[in-house]
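Peer 1: Predicted model follows, preceded by the sequence.
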2 protein chains.
Amino acid sequence: MTDMQRALSALADPTRRLVFERLASGPQAVGELARGLPVSRPAVSQHLAVLKAAGLVTDRAEGARRIYRIDPAGLTAVRAWLDRFWDRTLEAFKAEAEADGRENG
Amino acid sequence: MTDMQRALSALADPTRRLVFERLASGPQAVGELARGLPVSRPAVSQHLAVLKAAGLVTDRAEGARRIYRIDPAGLTAVRAWLDRFWDRTLEAFKAEAEADGRENG
DNA sequence: ACATCTCGTAAGCAATCGATTACGGTAAGT
DNA sequence: ACTTACCGTAATCGATTGCTTACGAGATGT
């Protein structure tokens, strides 16, 4: 499975995106995150593992706690994918408009 | 369910993204799409319904055929969401860097 | 009118997913 | 040393998902 595939399906789940958005405002530990969310701590732990495998977050140990933060590189990769997609779409629209012009004009 | 939720989970599926990418190079009918894909035509039809519900494609009848094309608005919405997210992340990183600066002297 | 091509939808099934509880292992405090 | 706090992982379960086949409806051509 490609990294882009992992990233997109990681962002598809609502609670996982909730976890991710919490991290957008700064690094946080697992229990800390779990307290503000409507699911159990193990659930949050599993979501974080998925986000990590997707390259969207990184983690580091700090005593007994484990701090997670967003990995900007992962976010950049998704943006780049979307941008390439956007360019291709615009090209197709432009080509189509020109074809219509020749057809009707 | 919000539109953004629908869009992200729509893009999460690999074959659905394959359908979507084919449409990026121009409008196409259902059967046309299905012939180039590793799944049955009904499967493609279902994927298109999901993409349509997510606001990522539009369709119009052309005789017996049904032409699907990408909806730029849907794509823009996803990009906007990602961009807002990106901004928040950078802000947090900046704030964190400043805090570290004060802490370490 | 009839046959053919187009497509959406229903039914059914195997697989994946997100959640919970239960457990074990490491770090910190007394 | 013992207790407490923090966390990941295994086991399990219900719900969702993506696919196929079967069917029916509308448009096209003879």
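Peer 2: Structure received.

Peer 1: From now on I want contacts and neighbour counts done on CA atoms only, so please keep to that.
Peer 2: Noted.

Peer 1: Get me the contact residues on chain A for DNA strand D.
Peer 2: Proximity of chain A to DNA strand D is confined to A:29-32, A:42-43, A:45-46, A:49, A:64-67 under the rule Cα under 7 Å from any atom of the strand.

Peer 1: Would you state the strands of chain A in chain order?
Peer 2: Assigned by DSSP state E, the strands in chain A fall at A:28-29, A:57-62, A:65-70.

Peer 1: Turn these into JSON lines, including mean neighbour count.
Peer 2: Below are those laid out as JSON lines (neighbours: other Cα atoms under 10 Å in any protein chain shown):
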{"stretch": "strand A:28-29", "mean neighbour count": "18"}
{"stretch": "strand A:57-62", "mean neighbour count": "14"}
{"stretch": "strand A:65-70", "mean neighbour count": "19"}
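
Peer 1: Distance to B:Leu56 and mean pLDDT added to these, as TSV?
Peer 2: Written out in TSV, the entries for these read as follows (distance: least, Cα to Cα, whole Å; pLDDT from 0 to 100):
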stretch	distance to B:Leu56	mean pLDDT
strand A:28-29	34	98
strand A:57-62	27	98
strand A:65-70	27	98
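
Peer 1: for those, which one sits closest to chain B?
Peer 2: Nearest of the strands of chain A to chain B, taken as Cα to the nearest Cα: strand A:65-70 at 7.5 Å.

Peer 1: Alpha carbons of that closest one, as PDB, please.
Peer 2: Extracted in PDB, the C-alpha atoms of strand A:65-70 (Å, rounded to 0.1, in the frame of the first residue of the first chain):
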ATOM      1  CA  ARG A  65       4.300   9.700  28.500                       C
ATOM      2  CA  ARG A  66       4.400   9.600  24.700                       C
ATOM      3  CA  ILE A  67       4.200  12.900  22.900                       C
ATOM      4  CA  TYR A  68       2.700  13.000  19.400                       C
ATOM      5  CA  ARG A  69       3.000  15.800  17.000                       C
ATOM      6  CA  ILE A  70       2.000  16.400  13.400                       C
END
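
Peer 1: Can you list the neighbours in contact with it?
Peer 2: With contact meaning Cα atoms under 8 Å, 6 or more residues apart in numbering or on different chains, strand A:65-70 is reached by A:20, A:23-24, A:26-30, A:56-61, B:89.

Peer 1: Most widely separated two among those residues?
Peer 2: Spanning the widest gap among the contacts of strand A:65-70 are A:Ala61 and B:Thr89, at 21.0 Å by Cα to Cα.

Peer 1: hang on, the earlier thing: also within reach of DNA strand C: list those from the contacts of strand A:65-70.
Peer 2: Among the contacts of strand A:65-70, DNA strand C is touched by none when using Cα under 7 Å from any atom of the strand.

Peer 1: show me the residues around the residue in chain A positioned nearest to DNA strand D that make contact.
Peer 2: For chain A, the residue closest to DNA strand D is A:Gly31, as judged by Cα to the nearest atom of the strand, at 3.1 Å. Under the criterion of Cα under 8 Å, 6+ apart, the contact partners of A:Gly31 comprise A:Arg41.
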